[in-house]
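> Whatever this is, show me its structure:
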Amino acid sequence: MSDITTYREVQAEIVRRITDGPWGPGTLLPGEVELAAEFGCSRTTINRALREVSDLGLLDRRRKAGTRVRMAPVRQARFEIPLARAEIEATGAAYAYRLLQRAIEQGPDWLTAHMGPLDRVLHILCLHSADGVPYQIEDRWINLGALPQAADQDFAATSPNEWLVATVPFSQVEISFQAVSAGPDEVTHLGHSPAAPVFRVERTTWWQGAAITHVRLSHRAGYRMTTRY
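From the prediction side, this is the model:
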C-alpha cells in the first residue's frame, strides 16, 4: 500500500478506536514507535495520522506528555470567504453591483497598526444588491505595495472581492464579527436608521507574510451567517 493509503487507513482506525472504543476520553495512546509496529507502517505515517486526528479536535498532543484522547472534542468552525454574487444568486435573486468610491491614498494609522507598514492603499466602497434591494456594503483597502496591479483596475464592473479571489491566493485569514451602530454609509446605502444595530464582518488576508487586503462587510437587516462544525 502507498503511504497515502496507509495514512488514511491509520487515521480511520484511530478515529474508530476513539469513537467506538477502546480509547475513551483521557486514554493515553501508545507511542508512535509502538503504533508504527502495530500498523506495519513508518513512524512518519503514524505522526501524520495523529496530527490529522488532532486537527479534528479528538486528541491532545504534548511533547514529553504523550498523546491523549480529549475529555471533550474541540470543535472548529470553518468559514469560507463567500462572494456576494454567489450568496445572492444562490437564493434565486438577481445580483447587481455598483461602485460607490475608488481612491488611492495613504494607509490610515489604524490600518497600518493592524496590517503592518503600508505606503499606498486602494480604498474601494461598493454596494451589492439582490433583486434591486441593497444587500451588502463592501468597504475595502488593498495594499498596493503587495499587489500593485490593483491600481490598474477600475472595479467599475467587477467587485474587488471577485477580482482578488481570481488574482491572488491567501495563506492566513483573520475574521471578526461585530455589532455596530449604523453610520452614514449604512444609512444611505442599506436603508438603516441612524445608530441602528448593523451586523459587520471584518476580514484581513495575508499571502506569505505580506498583508493583501482588509475589508468591512456591512449587511442589511435580516442577514444571517451559518457555519457547521
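> Surely residue 57 touches residue 71?
No - under the criterion of CB atoms under 8 Å, residue 57 lies out of contact with residue 71, with a separation of 11.6 Å. Quick note: C-beta positions are derived from backbone N, CA and C, even for glycine.
> higher neighbour count, these two?
With neighbours defined as other CB atoms under 10 Å, residue 57 and residue 71 compare such that residue 57 has more, 14 against 9.
> Look up phi and psi at residue 188.
According to degrees, to the nearest 10, the main-chain angles of residue 188 amount to phi -70, psi -40.
> What ranges does this protein have for its strands?
Listed in chain order, the strands found in the chain under DSSP state E are 59-62, 66-69, 95-106, 120-130, 133-143, 172-181, 197-207, 210-219.
> With distance to residue 161, mean neighbour count and mean pLDDT as added columns, please give these in JSON lines.
Converted to JSON lines, those look like this (distance: least, CB to CB, whole Å; neighbours: other CB atoms under 10 Å; pLDDT from 0 to 100):
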{"stretch": "strand 59-62", "distance to residue 161": "36", "mean neighbour count": "15", "mean pLDDT": "92"}
{"stretch": "strand 66-69", "distance to residue 161": "41", "mean neighbour count": "17", "mean pLDDT": "94"}
{"stretch": "strand 95-106", "distance to residue 161": "10", "mean neighbour count": "14", "mean pLDDT": "97"}
{"stretch": "strand 120-130", "distance to residue 161": "9", "mean neighbour count": "21", "mean pLDDT": "97"}
{"stretch": "strand 133-143", "distance to residue 161": "6", "mean neighbour count": "21", "mean pLDDT": "97"}
{"stretch": "strand 172-181", "distance to residue 161": "13", "mean neighbour count": "11", "mean pLDDT": "91"}
{"stretch": "strand 197-207", "distance to residue 161": "10", "mean neighbour count": "18", "mean pLDDT": "93"}
{"stretch": "strand 210-219", "distance to residue 161": "7", "mean neighbour count": "21", "mean pLDDT": "95"}
